[in-house]
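Asks: Okay, here's the prediction I keep looking at, along with the sequence it came from:
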Amino acid sequence: MTIEKQMETYFDRLYPICRSISGEGYQESLDIIREIIPLEKIDFASGTECYDWTVPDEWTIRDAYITGPDGKTFARFKDNNLHVVGYSLPIDKKMTLDQLKKHLHTLKELPEAIPYVTSYYKQNWGFCLSYNKYKNLEEGSYRVFIDSELKPGKLTIGVLTIPGKTNQEILLSTYLCHPSMAVNELSGPLVTAFLYKKLLKEKRFRHTIRFVFCPENIGAIAFLSKFGRELKNRLIAGYVINCVGHGDIYTYKKSRRGNTLADRAALNVLKHQKLPLEVIDFFPDGSDERQYCSPGFNFPIGLIMRTMYGKYKEYHTSLDNKELISFKIMKESVNIYWEVIKTIEENTIYKNRIQYGTPQFSKSKVPLYPNTMVSNKYNEHGVELNKMLAMINYCDGENDLLQVADDKDYKMLEMIKTRDNLIKAGYLIKSV
Amino acid sequence: MTIEKQMETYFDRLYPICRSISGEGYQESLDIIREIIPLEKIDFASGTECYDWTVPDEWTIRDAYITGPDGKTFARFKDNNLHVVGYSLPIDKKMTLDQLKKHLHTLKELPEAIPYVTSYYKQNWGFCLSYNKYKNLEEGSYRVFIDSELKPGKLTIGVLTIPGKTNQEILLSTYLCHPSMAVNELSGPLVTAFLYKKLLKEKRFRHTIRFVFCPENIGAIAFLSKFGRELKNRLIAGYVINCVGHGDIYTYKKSRRGNTLADRAALNVLKHQKLPLEVIDFFPDGSDERQYCSPGFNFPIGLIMRTMYGKYKEYHTSLDNKELISFKIMKESVNIYWEVIKTIEENTIYKNRIQYGTPQFSKSKVPLYPNTMVSNKYNEHGVELNKMLAMINYCDGENDLLQVADDKDYKMLEMIKTRDNLIKAGYLIKSV
Amino acid sequence: MTIEKQMETYFDRLYPICRSISGEGYQESLDIIREIIPLEKIDFASGTECYDWTVPDEWTIRDAYITGPDGKTFARFKDNNLHVVGYSLPIDKKMTLDQLKKHLHTLKELPEAIPYVTSYYKQNWGFCLSYNKYKNLEEGSYRVFIDSELKPGKLTIGVLTIPGKTNQEILLSTYLCHPSMAVNELSGPLVTAFLYKKLLKEKRFRHTIRFVFCPENIGAIAFLSKFGRELKNRLIAGYVINCVGHGDIYTYKKSRRGNTLADRAALNVLKHQKLPLEVIDFFPDGSDERQYCSPGFNFPIGLIMRTMYGKYKEYHTSLDNKELISFKIMKESVNIYWEVIKTIEENTIYKNRIQYGTPQFSKSKVPLYPNTMVSNKYNEHGVELNKMLAMINYCDGENDLLQVADDKDYKMLEMIKTRDNLIKAGYLIKSV
């Protein structure tokens, strides 16, 4: 089965589940993901303090609908779980249209879409429906029915660590908490899980790689409350993975510091692929970069996305669905992230053994340099030769390989073969 | 009476007076200005050494004209005080046209204008007249008559200080020494005086604000000879105010250092107004920035102007008059300077109480964050919300508020309400 | 005789000689150059180790040609010395066309050109011929004949030093090793030699100036093996001079550090001349900058060229000949390099005596500033006056003159007269 097909199969199982930041739907989804990546579950009981936050009660939803004056039900949870505002309290009550409207959410500018609404931290209830339905509601008596429960329970995050040769660490974080939405939710955990599968084919990593799957915000803050301190000395690069299933551009949102290894590695890869690239400075909103890049942590965490959250009109509505998402793009996203991680893995500081003058390559037992110089076309000197000369000169024990690549406009991964030849020939020597 | 009207009334009184760097016209003008701002007069006797300069003798002029071969007088001081070269020595003498012409100044490229000419530091005499008049002068005997006097006296500057909570100081300097010219002279002292009036409405200032009215160059150097040393430790920002009454652009001329608080505050305000903005690097010519930004002082002094000196053709001629100047623009200039001073006043370093992760805003007793998240349009998140998130993240005890504003492209003054809410909610804490 | 004519005379003598990195042709050429600049010869015996390199055996070539199946000879060394691959071993042998072709070099894209090929460091033999000739070779028996010799001998470099007031040093390096080619070979040593002649007209230099003429690569490395260490503390700027005889642009290739005195002086001159200027970041290939800018040395060495090596199609072929080269351009190159050296010579840090406020120029006994201010056109203040004000303000004991020139967009050499006036008037004082 192709990777695209495998991802689609998991997508089809995950899509209908009503996820939230806690509860059955979340646990069921995490268990499906764990078929791909064997995450360890870590629980935080309701009421646990995580920095400024408190883990909320657990939410269970069984059914919900509105019965109209004509006796027909609509906004049925069982038709689309977006119809219920996330974390709605239970209710069973009659009311007028005016009373009802205070609890209805709709989107006039996208009249067919059901918007996605939550109220995690303020007790409330509500329904979401399309503007087309909403505008035709007639006066009369409505009955609202929500069969839900909010009670102490737990918040769960899934964590897996691949130990590396060093405890310098790469963090890959994604979130799981949105109900039936495709690009802004499922593309993230699926790409992350399949990235894990692809990385597993490598024998051994230089860096420790840690995966985190968690509900957005509260999950990241819970993770940080437990592991943030140890990450401070270890984390060298990381990414929040989401919005990786739709759009004909790449977007890179920089870390707060803007020039970390995470930024440099991602941009080195992204600048050498074919799609248009939009680079966005950090802003303290969006997804879990809000937490990772809060000033106390200020972690080297960026985001490689296709079209960014909020930049496509279907975002956070029922139109962010299987029609919108592309499994081919998700596979490309797995590959891009794989390349970025390889870039970090291969990046080292080298020093050329010959620092004074160029080496006399004709002495090398490994054939490197053309012995007969024939070119009258200086610029057509093999790309290979130019790379070699760049590495010989710029590997001075100070620049890392990524720096050499960026300065001379190479994709770093395309320098690896040359680097290996130069190591074999006894020129390049690891400097750290 | 509107501010425009008030300014016009003062303008009409000041315009006809024959000002120079000393003498009666200067004193009379300063006294009129003192009706608006109660400046203390500080005198420097002729001969006083001020750094490399020596205060010159005082000049008095009573009358001047030329009598032509036809017996008619022209270039009459009483018609336009620009007709006499500033600091002309007394003379009463007959001469040929050729002899006369060595002492005549005219502007061929602006044939109707009388140019403005001075000879403060070399004893001489001369007349200025329009090219139209000049070109029709016929051969014959001319009599030149100047009833003037040059004798030891004094140079006077006007200074007023509004004490602040700290002795960190903002300096506002303008000059008074040009005879009947509007944009390049009277717009400066009038805007500065009315800025004082506007500032007086504030209860109390964090910074000490010092106003200086003085003759250009020699006045600034005299001021600096007395107060320059104390300013070295106190001055955090300042401006030379002139050319603020004409033109449909703003010009900002940077301080010599180029990135001082003066530059940052001015540019933050100017970038968020509607007119085109021209930003000019410091050059050591122009007005009193020559003195304030001489390398020994190297003060944080810039200039917010409309059209800059020398950039409009009427500059330093009789055509720089009431027709050219706009009282509406002068009022706008008062407001812009007021905003810049407010920006400096409000700029502080804050630190968000929650440095690890974002705050859980739902816990705040002051309502700050929408409890129900409904937006599918990420970018339409309220401007207010974005500002709040920016401040929460970037107020880390290192960036001042102006830095946060500039980084995130806000007008700093438009962040004040949000800042105050965040202070009230217990998040932002003053860091210095 | 004009300089152009003199250069042409030397060119005509040097062009036909078969130069290589060693041997008679090289020695003969160096001796001709020594008629212009009395270089001291420094020899390195074959087998000498120079950093990573070993000085190769000396090559002598007396004759070479191929006899075709028709009995006619072609690719005759005596017709054009490019026909023989440099450092070809002796041979006298019959072979088939197929066997022969493995030793033939040709350029399909420039069908009339004989390419320039060498094999210094791998023992081999070969012929070069035009594609037009090559494509018409018929099957049959060929005889190849090369009367050459490869035996221990020496490598020679030519060095001359003009002692300066200090041992801070400017290095001018050019190469001599290509057979009959014009732009990429003879323009370099000829311009360098005539630059020496022009510099000799100066009485005395502040800096020591060292000239190096050597075979490319191995010659530079040999020079560095002997003098590199002493240069480390002395070298403040230098240039590799080549490709200075053809093209309607200037090219500046920066030193590896990119902002050395060599770069700043060259760019200050080049930005104020009329031809288009292409500025190229350092890349570790090309000519002897490879050696001088190897990371161990990392010398302040750049290249001022007209059209760069490899950027014109005749490069490294028989078409790089007298038709291509321009003696007028070579003379211009002498002048540009002369200006750059003068710029380095004149560049010093000055400090204005008056640091607080501007000087009162009217006190100066040397007339500097107009005593009567008449300009209504601020921007037409004499260029002279603006320069003077810039120097008075920016010469603060920290900026060198080149910095002031670059900041204010002057050609530094055009500030010298003003500087001298300001020194004479007692304002500018040398700060180091």
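Replies: Received it, and whenever you're ready, just let me know what you need.

Asks: Going by C-alpha atoms from here, please, whenever you check contacts or count neighbours.
Replies: Fine.

Asks: Going by residue numbers, what spans are strands in the stretch 151-300 of chain A?
Replies: Assigned by DSSP state E, counting those that start in this stretch, the strands in the stretch 151-300 of chain A fall at A:154-162, A:169-175, A:208-214, A:235-240, A:250-253, A:277-280.

Asks: can you list the ones you listed in a markdown table and add mean pLDDT and mean neighbour count?
Replies: Output for the strands of the stretch 151-300 of chain A, formatted as a markdown table (pLDDT from 0 to 100; neighbours: other Cα atoms under 10 Å in any protein chain shown):
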| stretch | mean pLDDT | mean neighbour count |
| --- | --- | --- |
| strand A:154-162 | 98 | 21 |
| strand A:169-175 | 98 | 25 |
| strand A:208-214 | 98 | 23 |
| strand A:235-240 | 98 | 24 |
| strand A:250-253 | 98 | 23 |
| strand A:277-280 | 98 | 16 |
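
Asks: would a markdown table of the ones you listed with distance to B:L39 be doable?
Replies: Below are the strands of the stretch 151-300 of chain A laid out as a markdown table (distance: least, Cα to Cα, whole Å):
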| stretch | distance to B:L39 |
| --- | --- |
| strand A:154-162 | 69 |
| strand A:169-175 | 64 |
| strand A:208-214 | 67 |
| strand A:235-240 | 61 |
| strand A:250-253 | 54 |
| strand A:277-280 | 51 |
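
Asks: where does chain A dip in pLDDT?
Replies: When residues are selected by pLDDT under 70, those of chain A lie in A:370-381.

Asks: same thing but 90
Replies: A:121-122, A:202-203, A:361-386, A:431-432 (pLDDT under 90).

Asks: Nearest to the spatial middle of it, which residue is it?
Replies: A:I241 (0.5 Å; Cα atoms, centre = their mean).

Asks: mind listing what that residue touches?
Replies: Neighbour list for A:I241: A:172-175, A:188-189, A:191-192, A:303-305 [criterion: Cα atoms under 8 Å, 6 or more residues apart in numbering or on different chains].

Asks: and A:V84, what does it touch?
Replies: A:64, A:75, A:77, A:117, A:126-128 are the contacts of A:V84 under Cα under 8 Å, 6+ apart.

Asks: Serialize these to CSV and add fields for neighbour count, secondary structure and distance to chain C.
Replies: Formatted as CSV, the contacts of A:V84 follow (neighbours: other Cα atoms under 10 Å in any protein chain shown; DSSP: H, G, I helix; E, B strand; the rest coil; distance: Cα to the nearest Cα, whole Å):
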residue, neighbour count, secondary structure, distance to chain C
A:A64, 25, strand, 67
A:A75, 23, coil, 64
A:F77, 21, coil, 63
A:V117, 25, coil, 54
A:G126, 24, coil, 62
A:F127, 30, strand, 62
A:C128, 27, strand, 59
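
Asks: Leaving out the residues flanking it, which one is nearest to A:L324?
Replies: A:H246 (6.8 Å; Cα to Cα, 6 or more residues apart in numbering or on different chains).

Asks: typed the wrong thing, it's A:P284
Replies: A:R290 (5.2 Å).
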